[in-house]
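Participant: Sequence and predicted structure are below.
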Amino acid sequence: MISLADLQRRIDAGDLSADAAIAQSLEAVRAHEKSIGAFVCHDPDARVQSAGPLRGIAVGIKDIMDTADFPTEMGSPIYRGFRSRGDAAVVMMLKQAGATIVGKTTTTAFASSDPTPTLNPHNHGHTPGGSSSGSAAAVGAGMIPLALGTQTGGSVIRPASFCGTAAIKPSYRLLPTVGVKCYSWTLDTVGLFAAGVDDVARGLAAMTGRPELLLPSGIPTPRIGIVTQDFADAPEAAGTEALRIATKAAERAGASVRALALPEIIAEAWRVHPVIQEFEAHQALAWEYRENYDAMAPNLRGRLDESKGGTPTEYDEAMAVAGRARHALAKTFDDVDVILTLSAPGAAPKGLSSTGDARYNRLWTLMGVPCVNVPTLIAEGGLPVGVTVIARYGADAKALAAARFVEDALKR
């Protein structure tokens, strides 16, 4: 993979020009795109910016985010050829930081569950995950150093685990969703994919203008609580092994590690996540569902068909549960600095008929807390598996630092 941090250091030292860095990424896209299919469209002559912390950094944008320079088709024929007049807020944040937008990456239809043609860069017979399929695969295949995705259930952390990249789903609303196609306004969160934790931190810091997100020179030793989410059913062997390896590595590196029991209200929040997600989806996608029903992707259409009986009362009750769970989770962080948990049940499933299961991600999306995927092991078939580091709401810098601690521990 292409390290954003390495590119920045070389550009700052004068060893590499921004033009040459972008040229390298575009050449990698030319070399790998035909076999991976990570992009909906890309610009082989993308213009390089000469200033900003992300100058020389080629970025892919998930195709549910408005871009003035590219169509925004949202993985659906309903929007084939659609062009917005302007950029989504996060796209402008990248441009203002000096990044070069080189193309739009594949997304499942409206960031739901119908698979894209994108292949897993580590094993073409397996899914890259979704809904941010193209963004994860483009970074995992070494085409670009940075990409944007979104997560409503598990659409950043799970594909990052499947494609072997680092990724962050930041605290809810740290990154704006203005100009991003909505599925669920309570859940939708913009996230970043990059080669390693330092790369993700640098990308997020540059976008937001928050230098406090950069990793400190000395990474503090965290207190870690291990959460297995028993209420979400048992993981596969590869998922269990990834969590075991990361736990042991953190312990050897000096971290305080202990199993953490979550209050029952948090398990209840996990159960009501779909109630909130689908109730809001019916409003966010009302025009598409009513006026373009036959053109909607089958999995999404079926999901909306099944959930159309949801009532405001059920939604309000679910939102109340989520609110109580957030308070309970905040108290949990009085005893630990971060939580270490599963990024996915296991390695990427075989075949392209499914994007995988988000059951280990959706709780944390509903809680709004920052989550960082750390690649941990290579399972059978050359398939990566990651673990997730989670901090309290708003403590994105702490999540990134602890993730880097785990990342470094795994290398020892």
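Facilitator: Arrived safely, thanks for sending. As the structure is a prediction and not an experimental result, all values here were calculated from the model.

Participant: show me the contacts for Gly103.
Facilitator: By Cβ atoms under 8 Å, 6 or more residues apart in numbering, Gly103 lies in contact with Val29, Phe39, Val40, Cys41, His42, Asp43, Ala46, Gly60, Ile61, Phe70. In short, each C-beta sits where N, CA and C put it, glycine included.

Participant: and with 6 Å instead?
Facilitator: Contact analysis of Gly103 by Cβ atoms under 6 Å, 6 or more residues apart in numbering lists Phe39, Cys41, His42, Gly60.

Participant: How confident was the prediction at Gly386?
Facilitator: Looking at Gly386, its pLDDT is 98.

Participant: Show me where the chain dips below the pLDDT cut-off.
Facilitator: Judged against pLDDT under 70, the chain has no low-scoring part.

Participant: Leaving out sequence neighbours, find the closest residue to the residue nearest the centre of it.
Facilitator: When Cα atoms, centre = their mean is applied to the chain, the residue found nearest the centroid is Val156 (1.9 Å). Leaving aside its chain neighbours, Val156 sits nearest to Gly191 (3.6 Å; criterion: Cβ to Cβ, 6 or more residues apart in numbering).

Participant: Partner strands of the helix or strand where that neighbour lies and their direction?
Facilitator: Counting by DSSP states H and E, the element that carries Gly191 is strand 189-194. For strand 189-194, the paired strands and their directions (DSSP bridges) read strand 146-151 (antiparallel), strand 166-169 (antiparallel).

Participant: Now the helix or strand following the longest one - C-alpha only, PDB.
Facilitator: Once strand 146-151 ends, the next helix or strand along the chain (criterion: DSSP H and E) is helix 157-163. The C-alpha atoms that make up helix 157-163 are tabulated as PDB, following Å, rounded to 0.1, in the frame of the first residue of the first chain:
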ATOM      1  CA  ILE A 157     -14.600  -0.700   9.500                       C
ATOM      2  CA  ARG A 158     -15.700  -4.000   7.900                       C
ATOM      3  CA  PRO A 159     -14.300  -3.400   4.400                       C
ATOM      4  CA  ALA A 160     -11.100  -2.000   5.900                       C
ATOM      5  CA  SER A 161     -10.700  -5.300   7.800                       C
ATOM      6  CA  PHE A 162     -11.500  -7.400   4.700                       C
ATOM      7  CA  CYS A 163      -9.000  -5.300   2.500                       C
END
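
Participant: 344 is where my numbering starts, stick with that
Facilitator: Will do, 344 is the new start, and the previous item becomes helix 500-506.

Participant: Helix 500-506 packs against which elements?
Facilitator: Contacts defined by 3 or more Cβ pairs under 6 Å, 6 or more residues apart in numbering; DSSP states H and E place helix 500-506 against helix 476-483, strand 714-722.

Participant: ok, now which ones touch the residue nearest to Val499?
Facilitator: The contact partners of Gly534, taken as Cβ under 6 Å, 6+ apart, are Gly492, Gln494, Val499, Ala510, Ile511, Lys512.

Participant: cool, and Ala598?
Facilitator: Contacts for Ala598 (Cβ under 6 Å, 6+ apart) come out as Thr564, Pro565, Ile567.

Participant: Please indicate which of these are buried?
Facilitator: By neighbour count, with 16 or more other Cβ atoms under 10 Å, the contacts of Ala598 hold Pro565, Ile567 as buried.

Participant: related to what we said a few turns ago, now the strands paired with strand 532-537 in JSON lines, with mean neighbour count and distance to Glu649?
Facilitator: Converted to JSON lines, the strands paired with strand 532-537 look like this (neighbours: other Cβ atoms under 10 Å; distance: least, Cβ to Cβ, whole Å):
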{"stretch": "strand 489-494", "mean neighbour count": "29", "distance to Glu649": "22"}
{"stretch": "strand 509-512", "mean neighbour count": "31", "distance to Glu649": "26"}
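
Participant: Quickly note the distance from Glu376 to Thr448.
Facilitator: According to Cβ to Cβ, to the nearest Å, Glu376 and Thr448 sit 11 Å apart.

Participant: still on that earlier bit, if you look at the contacts of Ala598, which of them are in strands?
Facilitator: Members of the contacts of Ala598 lying in strands (criterion: DSSP state E): Ile567.

Participant: Reformat the contacts of Ala598 as TSV; add distance to Ile365.
Facilitator: What follows is the contacts of Ala598, written out as TSV (distance: Cβ to Cβ, whole Å):
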residue	distance to Ile365
Thr564	38
Pro565	36
Ile567	39
